[in-house]
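# Sequence unavailable; structure follows:
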């Protein structure tokens, strides 16, 4: 089986991530700038810190006494030894010398053997020198035996003096320690040498006495024992002399001149520039920290944000295709004002989006035989009434007989879009006060009639559930190609849910900036409980400048998506649809006649 190719999905995921960064760009920029300014301000408040470094060649001072050959020091041990108690005490004594303070690079005039002797260091209190070690940093390059002793301070000369003092103190203590150890090794050997010399001197006297006795003998019979005694004494002397020779060789190896002390390779120099604060580095760190925090906060806010994230999110939550994405109306700041874009800006992108919605509705209507459409939203202010009015105008422009009904009996606004009276309308028709055709008003748009809501009744929900409402919808359906109903929000009141079973389709409108995903899901559940035929959704108030971040185009947004939702492809746009009873043409002629009867002044 061939491996699956996931490049498109990965590309889409990357674009989603980039979309999050684009939408939250201002907060990311603000946090980054704040962190950068904070870092630079902090750096500005810090005192300058200078650092000077002395390089010391570490050695094994007694390498020749420990087996000979080339021995490498343990650098971890040497690193810790630089800040040991005796070295710190010795460095403090060196720093206290006035000539050294004046010129740390000049040779010391005092004898370090006296300054840093065991007796002199014993009287120094190490607790008073703990702060001195905090200025010292000891490092060494990998695979090298060179110690880098760095001393930092707020003053240049004091930084140089500190590094040089610790380097000299390390060399002094390491050397005197090796000499002390060497002297400890020489003592027992020297005692053995002295003892052997004494023994050899005694043997020499005995040998001399035996020789004198041999020379004084006159009787040869006594010569043999003396010769044997002489041979024995000479053998003992030879053995002792051989041992003495070996011990002398050992003493030669333990001579102080054989010590290999560490040496200062590069003395400390006066620093030219401070190592801290490093404003460019601090600023760069501020930028990185700000970016990291800003991006993290952006994704956290995106995670916690319940708002719709574009067309795909609305389709997933509503469970229906998005028939159109309607851009934000340019220059429309006050949402309470009515603006009929399809008439005021017919050539604009917003009017084109409503025509796209009209095309989708016509396509669906041909397939389903749909004529009555209820426009709903989850909450108020999502553009439901605006969408209903502009959809009605767009359908009328397509030479369809349209009746727009304001079924929002609580906060009606349809009449404001067309500057019509609201004294007589739907509530009056349902109450039996007027006939339906008496409540229709001419909005001065060809093929369109508007039925305002009329006076606000005391019990609007019960009025919309009455039999009169069902009969009215049936009657209006017979005389018009489309009946568009504007209703109250679903999650606020139950009016729309009461009308849902009476219409052919429900168009759900969501605001791209104000609607939450939870509201869409809840509204969908409410509609499904009453069996509402949801034909699709419209994403309203979409900001085209954010279109890239959502990765959804807002012109002609539905594309070729009908096959995905199994709408079928038997009937193309513009083709006729003939019901089984063959009455479509007759129904159209009767509808035209009835509409002419209701509105004899129809152009």
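Yes, it's here. This is a predicted model, so every value here is computed, not measured. Numbers count the residues shown, from 1 in each chain.

# which residues of the stretch 451-600 of the chain score low on pLDDT?
When the per-residue scores of the stretch 451-600 of the chain are filtered using pLDDT under 70, the ranges that remain are 544-600.

# Do a quick rundown of the strands in it.
482-486, 505-511, 534-542 (DSSP state E, counting those that start in this stretch).

# what about the shortest one, distance to the chain center?
Here the centre of strand 482-486 is set off from its chain's centre by 49 Å, with C-alpha atoms, centre = their mean, to the nearest Å.

# center of this protein - which residue?
Taking C-alpha atoms, centre = their mean, the centroid of the chain lies closest to residue 296, which sits 3.8 Å from it.

# Can you tell me the SS state at that one?
Using DSSP: H, G, I helix; E, B strand; the rest coil, the structure places residue 296 in helix.

# same check, this time on residue 14
Counting by three-state DSSP, the three-state call for residue 14 is helix.

# Helices of the stretch 251-400 of the chain, start to end?
According to DSSP state H, counting those that start in this stretch, the stretch 251-400 of the chain carries its helices in the segments 279-304, 311-318, 341-344, 349-368, 384-397.

# elements contacting the helix ranked longest in the chain?
Determined from DSSP state H, the single longest helix within the chain is helix 156-216. Using 3 or more C-beta pairs under 8 Å, 6 or more residues apart in numbering; DSSP states H and E as the contact criterion, the elements in contact with helix 156-216 are strand 50-57, helix 85-95, helix 98-102, helix 112-115, strand 146-153, helix 223-253, strand 263-266. The way it works is simple: take the backbone N, C-alpha and C, and place the C-beta from them, glycine included.

# One more pass at 6 Å, please.
Secondary structure elements in contact with helix 156-216, counted by 3 or more C-beta pairs under 6 Å, 6 or more residues apart in numbering; DSSP states H and E, are strand 50-57, helix 85-95, strand 146-153, helix 223-253.

# want to throw those into JSON lines with mean neighbour count?
Converted to JSON lines, the helices and strands packed on helix 156-216 look like this (neighbours: other C-beta atoms under 10 Å):
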{"stretch": "strand 50-57", "mean neighbour count": "21"}
{"stretch": "helix 85-95", "mean neighbour count": "22"}
{"stretch": "strand 146-153", "mean neighbour count": "22"}
{"stretch": "helix 223-253", "mean neighbour count": "14"}
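
# so can I have a markdown table of the ones you listed showing mean pLDDT and distance to residue 174?
Compiled in a markdown table, these are given as follows (pLDDT from 0 to 100; distance: least, C-beta to C-beta, whole Å):
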| stretch | mean pLDDT | distance to residue 174 |
| --- | --- | --- |
| strand 50-57 | 94 | 9 |
| helix 85-95 | 93 | 8 |
| strand 146-153 | 95 | 11 |
| helix 223-253 | 83 | 20 |
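
# and the residue nearest to residue 455 when sequence neighbours are not counted, what does it touch?
If you skip the residues right next to it in sequence, residue 455 has residue 427 as its closest partner in space, 5.5 Å away by C-beta to C-beta, 6 or more residues apart in numbering. When contacts are counted by C-beta atoms under 6 Å, 6 or more residues apart in numbering, residue 427 is found next to 409, 454, 455, 457.

# Before we move on, what's the pLDDT of residue 427?
According to the prediction, residue 427 has pLDDT 92.
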